[in-house]
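K.L.:
test case, fold it:
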Amino acid sequence: MTSRWAESPFAHALSYFPRFRRPMVLGLLCVIPSAGLDLATMLVVRDVFDGVTGAHGAAPMAFRQVLWWSLLVMLITLVKGAFKYGMRYWVTGASREFERVYRQDLFDHLVTLTPHDLAAIRTGDIMSRSVADIEAVRMFLGPAVMYNAQTAVVMPLALVTMALIDWQLTAVMLVPFIALALVVKVAAKPTQHWSHLAQERLGDLSTVAQENFSGIRVVKAFVSEAFSRSVFQRMGRAFLDANVRLATVRGLTSASISIVKDVGMLVIVLLGGWHLVQGRLTLGDFLLFSAMLNWALWPLIAVGWTLGMYHRARAGAVRLNQLFALQPSVRELPGAVAPVTLRGELEVRHLTFGWGATPVLHDVSLRVPAGATLGITGRTGCGKSTLVQLLSRQVEPPPGTVFLDGRDVRELPLTFLRRSIGVVPQDSFLFSESIASNIGYARDEIDLQTVRAMAAAAHVDADIEGFPHGYDELLGERGVTLSGGQRQRTAIARTLAADPPVIILDDCLSAVDTVTEQAILRGLRETLRDRTAVIVSHRVAALSLADRILVLDEGAVVEEGTHEELVARGGLYAEIHERQRLEAEIEAL
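P.N.:
Residues are numbered from 1 along each chain as shown. Modelled structure (predicted):
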């Protein structure tokens, strides 16, 4: 973890609070008059009891006086309620606004990362951190701060008032307070451990649920419902066990606090009762001490709750900081300027690249003139998809290796580059929206005419019109409503609708048959006429639109030329072509 987060787990979260300073200060300032009015209410009630019983040798208070004092108590209660409302409204409101901004910033940060940056973190775990962990941090930096402020104000007021009435009884009352502090201290470590474990188990449970719901077709295809249930059940039991252990610790802590409170009340009854009998205390003072015990112990109980919340929030803050500490591997360089016009010429110069210590591409060079179409093929694992990610800068290429219109793609603004190079990936992800919304995803406003035209170019219009709601048909998660081929064709239509000057098709026709593939290619011929295109495929038939074809093998360019030239050369391309021709003939039988 970087030094930025090494100072404190809450350093990043606290950096948001200056913008919420005003409501937080207003809310915390309400604590002082609220506590003062609480004390005033108890003192008035004490005086009323002493007045009614004729303490200090005075005549008993008349009912008319009791009524006036009661009205005063009611008035104080109303004013006190207003201050308490303001305290909770401002502090809780500020913490909720912090939660909204914090979660939005986390989302904004995550979308700057590439899939490779997040490869080590599961989706369910990210969801758990985005919800449960942020909520824990909010509770600690919002309501917990409010409760601690109440403790800081109430405890001195209570102890000073009690000492002025009977210092001996107050001194004895300090024993339960000390005992309460020890209980909180002992409970701190197990509370922290089980809080952290419970949050991790929630992430595991969320991941299992997310993966099984997203991959429901695989679960059904392999009749793995029972296995999925058992895995979810095991994760659920682990989550339950961690939370039961946490609840046990909290329950024991709560029970210990309750015992301390009852012991304190017993001390008041015994020692305070003795002082009452001796005349050192009035009935009002005796009742005031009882009320003071509850008044002073509640903030201490809140401190115990805050301590438990601290450990949960600390674990959450650490997990969130781990996400914020992830730095995007692809960044826009300072001073990046977009060109006024773009022709769309792509060039790669002596590109060598690997994933860590694993080499993938070796000294690859190619050039695609503006408006031309390049085909790339080769055996599985030869580096085709990696090359595509480098061309579109989804993965950061080495400096001076990938160029667009003669400019290093690293020197171009990322937004400009993303809009200029449209990529249809192998994994055709669709959103849980209507088909029209998915195709028009890259446009500010959905133009149904353009959507229909691009769907026709991708040869998916007939399929869409066959749905009950046509282009308004809602898709399931990841487009599960559609078949694999329909998803791929819809993804092609989405990229075409974005109208980029450069289009890269990364083996995006693998889920359709050869007849449909040829129909799609015929539809794309006109659409790609004025665009630079790169068609990546392991099937030779998909490269029929290409002006030139590049053949990769073990990360290196081994052949380059037109279809006819490569077939006549008798190399790897000819071998692939012949094998696929024989497979097609066998299938035709």
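
K.L.:
packing partners of the host helix or strand of residue 33?
P.N.:
Residue 33 belongs to helix 31-53 when assigned by DSSP states H and E. Counting contacts by 3 or more CB pairs under 8 Å, 6 or more residues apart in numbering; DSSP states H and E, helix 31-53 is packed against helix 63-110, helix 143-165, helix 283-324. Just so you know, the C-beta spots here come from the backbone N, C-alpha and C atoms, and that holds for glycine as well.

K.L.:
give me the next element, helix or strand, following the last one.
P.N.:
What that stands for is helix 283-324. Tracing the chain past helix 283-324, the next element assigned as helix or strand by DSSP H and E is strand 346-355.

K.L.:
buried ones in that following strand?
P.N.:
Buried residues in strand 346-355, counted by 16 or more other CB atoms under 10 Å: 346-348, 351, 353.

K.L.:
from the chain's centroid, how far away is the lowest-mean-pLDDT helix or strand in the chain?
P.N.:
None of the helices or strands of the chain scores lower by mean pLDDT, DSSP states H and E than helix 216-221, at a mean of 72. The chain centre lies 27 Å from the centre of helix 216-221; the measure is CA atoms, centre = their mean, to the nearest Å.

K.L.:
give the buried residues for that helix.
P.N.:
Using 16+ other CB under 10 Å as the test for burial, helix 216-221 gives residue 219.

K.L.:
I'd say residue 553 and residue 572 touch.
P.N.:
Yes. If you go by CB atoms under 8 Å, residue 553 and residue 572 touch, sitting 5.7 Å apart.

K.L.:
any residues in contact with both of these two?
P.N.:
378-379 (CB atoms under 8 Å, 6 or more residues apart in numbering).

K.L.:
who has more neighbours, those two?
P.N.:
A direct count of neighbours by other CB atoms under 10 Å for residue 553 and residue 572 places residue 572 higher, at 18 against 15.

K.L.:
residue 464: how many residues sit nearby?
P.N.:
25.

K.L.:
ok, it - contacts?
P.N.:
Counting by CB under 8 Å, 6+ apart, residue 464 touches 435, 455, 470-471, 473, 490.

K.L.:
out of these, which end up buried?
P.N.:
Using 16+ other CB under 10 Å, the buried members of these are 435, 455, 471, 473, 490.

K.L.:
okay, these in CSV with secondary structure, distance to residue 298 and pLDDT next?
P.N.:
Shown next, in CSV, are the buried ones among the contacts of residue 464 (DSSP: H, G, I helix; E, B strand; the rest coil; distance: CB to CB, whole Å; pLDDT from 0 to 100):
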residue, secondary structure, distance to residue 298, pLDDT
435, helix, 58, 86
455, helix, 65, 86
471, helix, 60, 85
473, coil, 57, 84
490, helix, 60, 86
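
K.L.:
pull the most distant pair out of those residues.
P.N.:
455 and 473 (12.1 Å; CB to CB).

K.L.:
just the buried residues of strand 346-355 now: which is nearest residue 401?
P.N.:
residue 351 (4.3 Å).

K.L.:
ok and the helix holding residue 33 relative to helix 63-110, angle-wise?
P.N.:
Note on geometry: by axes from the mean of the first three to the mean of the last three CA atoms, to 10 degrees, helix 31-53 and helix 63-110 are set 160 degrees apart in direction.

K.L.:
now helix 31-53 and helix 283-324, what's the angle there?
P.N.:
Using the same axes, to 10 degrees: helix 31-53 against helix 283-324 is 160 degrees.

K.L.:
so which bits of helix 31-53 are buried?
P.N.:
So helix 31-53, judged by 16+ other CB under 10 Å, has buried residues 31-42, 45-52.

K.L.:
residue closest to the middle of this structure?
P.N.:
Centroid check for the chain by CA atoms, centre = their mean gives residue 130 as the closest residue, at 3.0 Å.

K.L.:
now do the contacts for residue 538.
P.N.:
By CB under 8 Å, 6+ apart, the contact set of residue 538 is 377-380, 384, 507, 510, 576.

K.L.:
weed out the non-buried ones from the residues you listed.
P.N.:
For these, buried by 16+ other CB under 10 Å: 377-378, 384, 507, 510, 576.

K.L.:
would you check those and say which has the weakest pLDDT?
P.N.:
Lowest pLDDT within the buried ones among the contacts of residue 538 is found at residue 510 (70).

K.L.:
what about the stretch 451-589 of the chain, any weak spots by pLDDT?
P.N.:
The stretch 451-589 of the chain contains residues with pLDDT under 70 at 477-479, 511, 584, 587-589.

K.L.:
tell me where it has helices.
P.N.:
Assigned by DSSP state H, counting those that start in this stretch, the stretch 451-589 of the chain shows helices spanning 461-465, 484-498, 514-527, 563-569, 572-588.

K.L.:
how close does the residue nearest to the centre of the chain sit to residue 103?
P.N.:
6 Å (CB to CB, to the nearest Å).

K.L.:
what residues are shared contacts of those two?
P.N.:
Common contact partners of residue 130 and residue 103 (CB under 8 Å, 6+ apart): none.

K.L.:
weakest of the helices and strands packed on helix 31-53 by average pLDDT?
P.N.:
When I compare the helices and strands packed on helix 31-53, helix 283-324 is least confident, with a mean of 79.

K.L.:
packing partners of it?
P.N.:
Packed next to helix 283-324, using 3+ CB pairs under 8 Å, 6+ apart, are helix 11-14, helix 31-53, helix 63-110, helix 134-141, helix 143-165, helix 167-214, helix 225-267, helix 273-278.

K.L.:
highest mean neighbour count out of the ones you listed?
P.N.:
Ranked by mean neighbour count, these are led by helix 134-141 with a mean of 23 (mean count of other CB atoms under 10 Å).

K.L.:
can you name every helix or strand that it contacts?
P.N.:
helix 11-14, helix 63-110, helix 283-324.

K.L.:
for the helix or strand following the second one, what is the distance to the chain centroid?
P.N.:
I take that to be helix 63-110. For helix 63-110, the following helix or strand on the C-terminal side (DSSP H and E) is helix 123-128. With CA atoms, centre = their mean as the basis, helix 123-128 stands 7 Å off its chain's centre.

K.L.:
now helix 123-128: buried residues?
P.N.:
Here helix 123-128 shows 124-128 as buried, counting by 16+ other CB under 10 Å.

K.L.:
keeping just the C-alphas, turn it into PDB.
P.N.:
This file holds the C-alpha atoms of helix 123-128, laid out as PDB (Å, rounded to 0.1, in the frame of the first residue of the first chain):
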ATOM      1  CA  THR A 123     -16.800  -8.500  -8.300                       C
ATOM      2  CA  GLY A 124     -18.700  -9.600  -5.200                       C
ATOM      3  CA  ASP A 125     -16.000  -8.300  -3.000                       C
ATOM      4  CA  ILE A 126     -16.000  -5.000  -4.700                       C
ATOM      5  CA  MET A 127     -19.800  -4.800  -4.200                       C
ATOM      6  CA  SER A 128     -19.400  -5.700  -0.500                       C
END
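
K.L.:
between the helices and strands packed on helix 283-324, which gets nearest to residue 421?
P.N.:
Short answer: helix 63-110, nearest of the helices and strands packed on helix 283-324 by CB to CB, at 22.3 Å.

K.L.:
what is the orientation angle of the closest one with helix 134-141?
P.N.:
Helix 63-110 and helix 134-141 are oriented at 140 degrees to each other (the same axes, to 10 degrees).

K.L.:
who are the packing partners of helix 63-110?
P.N.:
For helix 63-110, the packing partners by 3+ CB pairs under 8 Å, 6+ apart come out as helix 21-29, helix 31-53, helix 134-141, helix 143-165, helix 283-324.
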